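>>> here is a sequence together with a model predicted from it:
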Amino acid sequence: MKLRNLIFAALCCQLAACGGDQRNAVVAGPPIAGLNLNGLGYCTEFGDMRLTQQGNLVTGSYEDPRGPDHNGTLRGNIEGDLIHMVWIKPGNPLAAIMSQQGKGWLRISQDGHKLDGMWGYGDQTDDGGPWHAEKSQF
């Protein structure tokens, strides 16, 4: 009985230390040597993308096919093979397109030519949907 209580206490402690619900946890893989994300790409969900990498900082913009009122920007940090990012879509209140922002993550392929991940609204990283991009000019 005592051993079962110790195991239960250890599991509870471990869950509390890890933040409980781990569905948003994404673990980075090893860094990619010589990674260069500078240039143009295409995102199937959000259109043309332009990325700039300075060390572990990545900034960028996307041009949504629905028009300029849906365009946005992103800013993130590279950790291993992941980009942890925030995104902002300024919107246009005159066109009834409200400003939105959120977080997300993108896993970088080993050749540095593809990004696959998820995006979310507010502090969530995955409740918006998938985010896939591929280099077209780098």
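That came in fine, so what should we check first? Numbering: from 1, shown residues only.
>>> mind checking the SS state of residue 94?
helix (DSSP: H, G, I helix; E, B strand; the rest coil).
>>> low-confidence stretches in the chain?
Scanning the chain for pLDDT under 70 picks out 1-24, 137-138.
>>> all helices of it, in order?
2-17 (DSSP state H).
>>> residues in contact with residue 85?
By CB atoms under 8 Å, 6 or more residues apart in numbering, residue 85 lies in contact with 58, 74, 75, 76, 77, 103, 104, 105, 106. Bear in mind the C-beta positions are built from the backbone N, C-alpha and C, glycine included.
>>> among these, which are in strands?
Secondary structure defined by DSSP state E assigns 58, 74, 75, 76, 77, 103, 104, 105, 106 of those to strands.
>>> can you turn the buried part of those into a ChimeraX selection?
To isolate the buried ones among these in ChimeraX, judged by 16 or more other CB atoms under 10 Å, type:
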select :58,74,76,103,104,105,106
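>>> so residue 107 makes contact with residue 116?
Yes - at 5.4 Å, residue 107 counts as touching residue 116 under the criterion of CB atoms under 8 Å.
>>> and the ones in strands among the contacts of residue 85, which is closest to residue 94?
residue 74 (24.1 Å; CB to CB).
>>> partner residues bridging that closest one?
residue 60, residue 87 (DSSP bridges).
>>> okay, it and residue 82: tell me how far apart.
Per CB to CB, to the nearest Å, residue 74 is found 14 Å from residue 82.
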